[in-house]
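> dropping the sequence and predicted coords here.
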Amino acid sequence: MNKLFNSNKFRIAIILAAILIVAFISIYRSRSTKLLDRDAYSSFRSSIEDAAATDDGGFKSQKELTDLIVSWAEEHSLEYKVDKHGNIIFNRPAVKRKKNVTPTLIAVSMNYETAADNAQVLASAASIALSDIESGRRTVIFFNDEQNLANGYKGINKKYISSKTKVIYLDQGASTYLSTGSFQQRYTDVTIPAKREDNPCDTAVRISISGIKSNVIGPGINKHPDPVSALSSLLTRLKSKSVDCRLADIKVENNGNMYPVALEATISLNSYNLASFTGYIDKRIKAWEKSYGSDYEDIVFTYEVVEDEEKMPDKVYSAETTDKLTGILYTIRSGSYRYSESDAIPEGKEVGDTYGINCITDIKASDDSIRIPVIIQGVNDSFTERILNDNKAAAELYECSYAQTGLVEEFLNNKDKLSRTFRNTLEKVNDSSVAESSLSHITDNYFTPCSYLQGVNSQADIIHIRTKGSAAPDITNTILCYIKAKGNTSIFK
């Protein structure tokens, strides 16, 4: 009887010991894998969103966004540097026992116009900079990307990206995935030779489109309001009806390497064509309201008929110049290009996916020329040049000149260590219920700043993580776990 009793006590002791070990491991794992300070994350995110949602329209300049981040850093006694290119840099040296561990760089784009849309990843970067985890050298950079001109990326000191640096670029979108490749980007100009002459018409219509919220050029271009396309439809309508008209003036409010935000133009014509033309404009305005009214409440599309002789434009562009501009805008349109069944489709892509983007960013008119800057994005030389050659053919058709003024190569990281380790870390440190635990690995169908980062050091291991808002905290926590463990995910088991 005593033997049986002692045997049961022994089993119970073993069971209790096992329970304690499991509990200890669970607590240790939780402490080792739940590294994100969610309160700090939420606080920073709210500060961005609240500033962007103020009654006066939110951030008015890059300085306002920079000042907010700098004030936050000073409030938390963080060391930082604002370099001459406008980058905010948080650089933590390695702790003594990890000074030989490969350095990590976390990069986010800082653009006051898109700050509200990217509040989650800005909060991610801030949380990583704030964390007190012990690690190798950890650098977080808010890159100055005002107007998507990449001035911060182009000017960054090369010391921050060595051949051993692991670079994670973060941005926000509709889905969560990891990418090691993105489009190249080319800058081109179409130049129309122009002539001015006395105005032969007796009336004019002034078109005004404003209030467009700009954004970074990407695959959503077909859904974004395009004032240049709106003008093109009006000029094309007049040409299709053989209306004798002249463009008197045009001004596009461009926004760097982003979508244009406004347009004003005056079209001169004769009064007997006026009613038909204004009737068509009314239809286009209703179409715009239907397409964009719910998402872009500040958009204004209006027109004014000029009948007072004293207010009529004295000079206009010639009929030939007007026709050439009409033809160019009809042929070279902003939009995306998609794979067809006859294309050599890269692995992982399929018919209907985007392989290129064409975007008119401005129209610069002077007395002797009208210059139209066009940004082209594409998978590689082959697909980008397909779009470029189409644009060039259109320019030649209308006896206009065409030139490429710049090129940024596509991003392609053939290393797989960082991507594999990060995905493995994500699976180790998150519950199986987390939808993003099986992180998709795809190629971006647009241009990303990873091209600039790779240009600093082609040997660096760089990945791009796009995250939807709900996944951002888990992605941020995973980054912290990766930095702390530096690939040794066995500590999370």
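It's in.

> surely Thr236 and Ile328 touch.
No - using CB atoms under 8 Å, Thr236 is not in contact with Ile328; the gap is 11.2 Å. To be clear about C-beta, it is placed using only N, CA and C from the backbone, and glycine gets the same treatment.

> higher neighbour count, those two?
Taking other CB atoms under 10 Å, Thr236 and Ile328 do not tie; Ile328 has more neighbours (25 against 14).

> and stretch 135-150, how far apart are its ends?
In terms of CA to CA, to the nearest Å, the two terminal residues of stretch 135-150 are separated by 29 Å.

> buried residues, that stretch. List them.
By neighbour count on 16 or more other CB atoms under 10 Å, the buried set for stretch 135-150 is 135-148, 150.

> relative to Val306, which of those residues is nearest.
Nearest to Val306 out of the buried residues of stretch 135-150 is Gln147 (CB to CB; 32.9 Å).

> give me phi/psi at the closest one?
Gln147 adopts backbone torsions of phi 60, psi 20, taken as degrees, to the nearest 10.

> going forward can the numbers begin at 502, since that is how I track them
Got it, the first residue is 502 from now on, which makes the last one we talked about Gln648.

> how far away is it from Asp699?
As defined by CB to CB, to the nearest Å, Gln648 lies at a distance of 38 Å from Asp699.

> then Val729?
Val729 sits 27 Å away from Asp699, taking CB to CB as the criterion.

> which residue of those two possesses the greater neighbour count?
Legend: neighbour count by other CB under 10 Å for Val729 and Asp699, higher for Val729 (24 against 8).

> can you pull the contacts of that one?
753, 761, 764, 830, 835, 861, 864 (CB atoms under 8 Å, 6 or more residues apart in numbering).

> and with 10 Å instead?
710, 751, 753, 755, 760-761, 764, 766, 830, 833-835, 860-864, 873 (CB atoms under 10 Å, 6 or more residues apart in numbering).

> turn the buried ones among those residues into a named ChimeraX selection, would you?
In ChimeraX syntax, the buried subset of those is picked out as below (16+ other CB under 10 Å):
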select :710,751,753,755,760,761,764,766,830,833,834,835,860,861,862,863,864,873
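
> ok, what's across the strand from the residue most central in space within the chain?
Nearest residue to the geometric centre of the chain (CA atoms, centre = their mean): Val717, 4.2 Å. Beta-bridge pairing of Val717 under DSSP bridges involves Met759.

> touching, it and Asn758? I think so.
Yes - applying CB atoms under 10 Å as the test, Val717 and Asn758 come out as touching, 7.9 Å apart.

> give the residues shared as contacts by these two.
Both Val717 and Asn758 are contacted by 646, 648-649, 948, under the criterion CB under 10 Å, 6+ apart.

> identify the farthest-apart pair in the residues you listed.
Pairwise distances across those (CB to CB) peak at 14.6 Å, for the pair Gln648 and Phe948.

> what ranges do the helices span in the stretch 502-651 of the chain?
Per DSSP state H, counting those that start in this stretch, the stretch 502-651 of the chain carries helices over the ranges 503-534, 539-553, 563-576, 620-631.

> show me what the last one is packed against.
Right, the one you point to is helix 620-631. Based on contacts counted as 3 or more CB pairs under 10 Å, 6 or more residues apart in numbering; DSSP states H and E, the elements that helix 620-631 packs against are helix 539-553, helix 563-576, strand 589-593, strand 605-611, strand 639-645, strand 667-673, strand 962-968, helix 973-986.

> which of those sits closest to Asp815?
Comparing the helices and strands packed on helix 620-631 by their distance to Asp815 (CB to CB), the top pick is helix 563-576, with 39.8 Å.

> with just CA atoms, put that closest one into PDB.
Extracted in PDB, the C-alpha atoms of helix 563-576 (Å, rounded to 0.1, in the frame of the first residue of the first chain):
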ATOM      1  CA  GLN A 563       7.400  68.600 -44.300                       C
ATOM      2  CA  LYS A 564       8.700  70.800 -41.400                       C
ATOM      3  CA  GLU A 565       5.500  70.200 -39.400                       C
ATOM      4  CA  LEU A 566       5.900  66.400 -39.700                       C
ATOM      5  CA  THR A 567       9.600  66.600 -38.900                       C
ATOM      6  CA  ASP A 568       9.000  68.800 -35.800                       C
ATOM      7  CA  LEU A 569       6.400  66.300 -34.500                       C
ATOM      8  CA  ILE A 570       8.800  63.400 -34.700                       C
ATOM      9  CA  VAL A 571      11.700  65.400 -33.200                       C
ATOM     10  CA  SER A 572       9.500  66.600 -30.300                       C
ATOM     11  CA  TRP A 573       8.500  63.000 -29.700                       C
ATOM     12  CA  ALA A 574      12.100  61.900 -29.600                       C
ATOM     13  CA  GLU A 575      13.100  64.700 -27.200                       C
ATOM     14  CA  GLU A 576      10.100  63.800 -25.000                       C
END
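
> who's the closest residue to Glu886 other than its chain neighbours bridged to?
Excluding the flanking residues, the one nearest Glu886 by CB to CB, 6 or more residues apart in numbering is Gly879, at 7.7 Å. For Gly879, the beta-bridge partners are Gln685, Gly857 (DSSP bridges).

> what is the neighbour count of Gly879?
Gly879 has 24 neighbours, counted by other CB under 10 Å.

> what does Phe884 give?
Neighbours of Phe884 under the rule other CB under 10 Å: 22.

> what of Asn771?
Residues near Asn771, counting by other CB under 10 Å, number 13.

> check Asn723 too.
Neighbour number of Asn723 under other CB under 10 Å is 11.

> in a strand, it, correct?
No - remark: Asn723 does not belong to a strand; assigned using DSSP: H, G, I helix; E, B strand; the rest coil, it is helix.

> and it, what does it touch?
Contacts for Asn723 (CB under 10 Å, 6+ apart) come out as 835-837, 855, 858.

> now swap in Lys655 and tell me
Going by CB under 10 Å, 6+ apart, Lys655 touches 586, 644-645, 909, 950, 953, 956-957.

> whichever of these end up buried, select them in PyMOL.
Selection of buried members from these for PyMOL, criterion 16+ other CB under 10 Å:
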select buried, resi 644+645+909+950+953+956+957
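
> can I get the contacts of Lys655 in TSV with distance to Leu569 and pLDDT?
Shown next, in TSV, are those (distance: CB to CB, whole Å; pLDDT from 0 to 100):
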residue	distance to Leu569	pLDDT
His586	19	98
Phe644	16	98
Asn645	14	98
Val909	29	98
Pro950	21	98
Tyr953	24	98
Gly956	29	97
Val957	27	97
